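got a predicted structure plus its sequence, pasted below:
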Amino acid sequence: MLECLPSLIKFCSSECFMKFPLLEKVIVGECPRMKIFSARDTSTPILRKVKIAENDSEWHWKGNLNDTIYNMFEDKVCLFRMAFGFLFSLVFFGCIVVDF
């Protein structure tokens, strides 16, 4: 689980090849700058589930860990949920028209 790391761009920036043969799931939450998991390909033979919060029910998978994380952030899935995940109330004052 990678959580509350606002400056994290990637988990590993070295050119080493990493193997995680038993990794089943990855949770990336509140890491808005993250682009990929590692600079090089990573072996995760049984991983097929990545999500953005532990209590989130939606899992993502795009063929490999780097592509999945890249697509999640390109689609703004993580940024959107991070920005409004704890919003309880929204009040507008002095607005004549509000467009959504």
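Noted; the coordinates are in hand. Numbers count the residues shown, from 1 in each chain.

from here on, just use CA atoms for contacts and neighbour counts.
Fine.

so which elements touch the longest strand seen in the chain?
When secondary structure is assigned using DSSP state E, the longest strand within the chain turns out to be strand 26-29. Counting contacts by 3 or more CA pairs under 8 Å, 6 or more residues apart in numbering; DSSP states H and E, strand 26-29 is packed against strand 2-3, strand 50-51.

what is the helix or strand just after it packed up against?
The C-terminal neighbour of strand 26-29 among helices and strands, as given by DSSP states H and E, is strand 42-43. Using 3+ CA pairs under 8 Å, 6+ apart as the contact criterion, the neighbours of strand 42-43 among helices and strands are strand 18-19.

average pLDDT for the strand it packs on?
Per-residue confidence for strand 18-19 averages out to 84 on the pLDDT scale.

picking up where we left off before, so what touches the longest strand of the chain?
Applying CA atoms under 8 Å, 6 or more residues apart in numbering, the contact partners of strand 26-29 are M1, L2, E3, C4, K49, V50, K51, I52, A53, E54, C78, M82.

swap in stretch 47-60?
By CA under 8 Å, 6+ apart, the list of residues contacting stretch 47-60 reads 22-30, 61, 63-64, 68-69, 72, 78.

could you rerun that using 6 Å?
With contacts defined as CA atoms under 6 Å, 6 or more residues apart in numbering, stretch 47-60 is touched by L23, E24, K25, V26, I27, V28, G29, W61.

could you dump the residues you listed into JSON lines with pLDDT added?
JSON lines is the format used below for the contacts of stretch 47-60 (pLDDT from 0 to 100):
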{"residue": "L23", "pLDDT": "88"}
{"residue": "E24", "pLDDT": "90"}
{"residue": "K25", "pLDDT": "90"}
{"residue": "V26", "pLDDT": "89"}
{"residue": "I27", "pLDDT": "87"}
{"residue": "V28", "pLDDT": "85"}
{"residue": "G29", "pLDDT": "80"}
{"residue": "W61", "pLDDT": "93"}
